[in-house]
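S.K.: I need the structure of the sequence given here:
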Amino acid sequence: MKLSYQEYEHICVLTLSGDYTDDDVDNFRRVVSDRLDDGARHVLLNCEHLEFVDSAGLESWLRLREQLGDKGGQLRLINPDDNVEKILRLTRLEKSFEAHPTIESAVRSVR
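M.R.: Prediction:
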């Protein structure tokens with residue numbers, strides 16, 4: 001998985017591409033932890049180029065959502081592709097994550 005980020009004041013947009021699997025979770029957590037330490041309160045996951053997420057990846061998202069919620073922050077998904085949406089439906093997690101079609105609408109939802 002490729003992971004990059006952009007920061008906008010208290011909002012961090014993480015762009016994920018490729019496959020997000022158990023092998024990537026430690027790196028994901030490190031990057032997120034660094035962003036939170038630098039002052040990010042909300043995390044937006046840009047999933048436009050994410051093709052697959054396994055159970056370990058989903059679990060890391062659930063933990064992040066809980067961690068952010070404890071501090072008054074929020075987690076949003078941006079433009080998940082059809083495969084990711086299908087995985088969320090199959091695991092019955094589609095209602096666990098608020099998804100937005102664009103970065104702009106996701107940013108507006110946390111302001």
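S.K.: can you tell me which residues contact the closest residue to Cys47 other than its chain neighbours?
M.R.: Distances taken as CB to CB, 6 or more residues apart in numbering put Pro80 closest to Cys47, at 4.1 Å, once the chain neighbours are dropped. C-beta here means a position set from N, CA and C on the backbone, and glycine is covered the same way. If you count contacts by CB atoms under 8 Å, 6 or more residues apart in numbering, Pro80 has them with Cys47, Glu48, Leu50, Leu88, Ala99.
S.K.: and Arg41, by the same measure?
M.R.: Counting by CB under 8 Å, 6+ apart, Arg41 has contacts His10, Ile11, Leu68, Lys71, Gly72, Gly73.
S.K.: please apply the same query to Val13.
M.R.: Here Val13 is in contact with Tyr5, Gln6, Glu7, Leu44, Asn46, Ile78, Ile103 (CB under 8 Å, 6+ apart).
S.K.: next: Val84.
M.R.: Taking CB under 8 Å, 6+ apart as the test, what Val84 contacts is Cys47, Leu50, Glu51, Phe52, Val53, Leu77.
S.K.: please repeat the previous calculation with a cut-off of 6 Å.
M.R.: Residues counted as contacts of Val84 (CB atoms under 6 Å, 6 or more residues apart in numbering) are Cys47, Leu50, Val53.
S.K.: in strands, which of these fall?
M.R.: Cys47, Leu50, Val53 (DSSP state E).
S.K.: for Ile87, see how far away the first one is.
M.R.: Pointing back at Cys47 there. Cys47 is 11 Å from Ile87, where distance means CB to CB, to the nearest Å.
S.K.: which one's more surrounded, the two?
M.R.: Cys47 (24 against 18; other CB atoms under 10 Å).
S.K.: ok, now which ones touch that one?
M.R.: Leu16, Leu77, Pro80, Val84 are the contacts of Cys47 under CB under 6 Å, 6+ apart.
S.K.: no further queries at this time; thank you.
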